[in-house]
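okay, predicted coordinates and the sequence, questions at the end:
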Amino acid sequence: MGLTTLAGGAMPATIIMSELQYRKVERKKARVRLGLSGPAGSGKTLTALLIAYGITGDWSKIALIDSENESADLYDQKYLPEYGLTVGEFNVIPLSAPYHPDRYIQSIDLCLKHGAEVIIIDSITHEWNGVGGCLELHDVEVSKQRTQNGFTAWAKVTPLHQKFVDRILTAPVHIITTVRSKSDYILTEKNGKQVPQKVGMAAQTREGFEYELTVSLDLDINHLALSSKDRTGLFADKPAFVPNVMTGKAIRDWCDLGVTESIKRLPITDAMLDKAIERIVNGEHGIKEKVKSTYSLTDDQRKKLEEAKPKAA
């Protein structure tokens, strides 16, 4: 270690430089940074809980930072018949306004202090556009200026937001974030008039947050997920699927071992298979192909799926 002085400006800066290393690449155990994005009703909270349980296998090791009006309490001891599972007793930090980035950081640190292995932040949207969040902090900074300049006001707010992002990235546990999304539109010209055109769903947080994640899954109103970013190789280019406990187990295996052929496809529970077969029997098209391309099936499950036929009209 040594001190180096940089003279790249009017005021020199003194920084501590560590020695550089040159080594072979090494696959180490990882901690996932998973983002779940979706509109209201897409199942972000429950999906996050199921994945978290799959990762840790212990409800008491899950901590949820709840800025969604304490909605997480609704899932306590909730029985989920499609999975044959009851949601266990996890831990919650209710978070109300003001949603200053530092309060999120304090909440993460409190979760770590109590031994959480998976932290769910539900949701990060409030840190951005909630009361006391970054957008409101920006407005306050603009109002202080004699000559108002929104661009320069970000110089005070951006470091606060980045500190929050950095805490997510450096926490020594798995972290799942949820974020609200809404329809995104652009104006296009049609018949000489400017008309709005839908171009997808926009996450309600600062643009670029998804680049920091290991995996980003976009949920729709039917609770189906598609991957918009995937460093694991588990979900990229896969058909839409319903994330569940098995999803979390596959992520845990990837974090511990790396991607192997055995976990590239997620296992399917018997309850989920029965639900898919019911949809086939009711005449819904494409379900059989979707199940086979998405999930790893046992021989008995594959036989049961192949025998499923639509009922006669």
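Yes, it's here.

quick one, helices of this protein?
For the chain, the helices defined by DSSP state H cover 44-56, 101-113, 125-129, 134-144, 150-170, 245-257, 270-281, 287-294, 299-307.

least reliable of these by average pLDDT, please.
Mean pLDDT across the helices of the chain is lowest at helix 287-294; the value there is a mean of 77.

keeping just the C-alphas, turn that helix into PDB.
Taking Å, rounded to 0.1, in the frame of the first residue of the first chain, the C-alpha atoms of helix 287-294 are listed here in PDB:
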ATOM      1  CA  ILE A 287     -49.000 -25.600 -23.000                       C
ATOM      2  CA  LYS A 288     -47.400 -29.000 -23.600                       C
ATOM      3  CA  GLU A 289     -44.600 -27.600 -25.700                       C
ATOM      4  CA  LYS A 290     -44.000 -24.700 -23.200                       C
ATOM      5  CA  VAL A 291     -43.700 -27.200 -20.300                       C
ATOM      6  CA  LYS A 292     -41.300 -29.400 -22.200                       C
ATOM      7  CA  SER A 293     -39.100 -26.500 -23.300                       C
ATOM      8  CA  THR A 294     -39.000 -24.800 -19.900                       C
END
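
tell me the angle that helix makes with helix 270-281.
Orientation of helix 287-294 against helix 270-281 (axes from the mean of the first three to the mean of the last three Cα atoms, to 10 degrees) gives an angle of 140 degrees.

determine how far helix 287-294 lies from the middle of the whole chain.
In this view, helix 287-294 has its centroid 24 Å away from the chain centroid, taken as Cα atoms, centre = their mean, to the nearest Å.

and it, what does it pack onto?
Under the contact criterion of 3 or more Cβ pairs under 8 Å, 6 or more residues apart in numbering; DSSP states H and E, helix 287-294 touches helix 270-281, helix 299-307. Backbone N, C-alpha and C define where each C-beta goes, glycine included.

what angle do that helix and helix 299-307 make?
Using the same axes, to 10 degrees, the inter-axis angle of helix 287-294 relative to helix 299-307 is 150 degrees.

longest strand anywhere in the protein?
Secondary structure of the chain per DSSP state E: the longest strand is strand 174-190.

buried sites along that strand?
Using 16 or more other Cβ atoms under 10 Å as the test for burial, strand 174-190 gives 174, 175, 176, 177, 178, 179, 180, 181.
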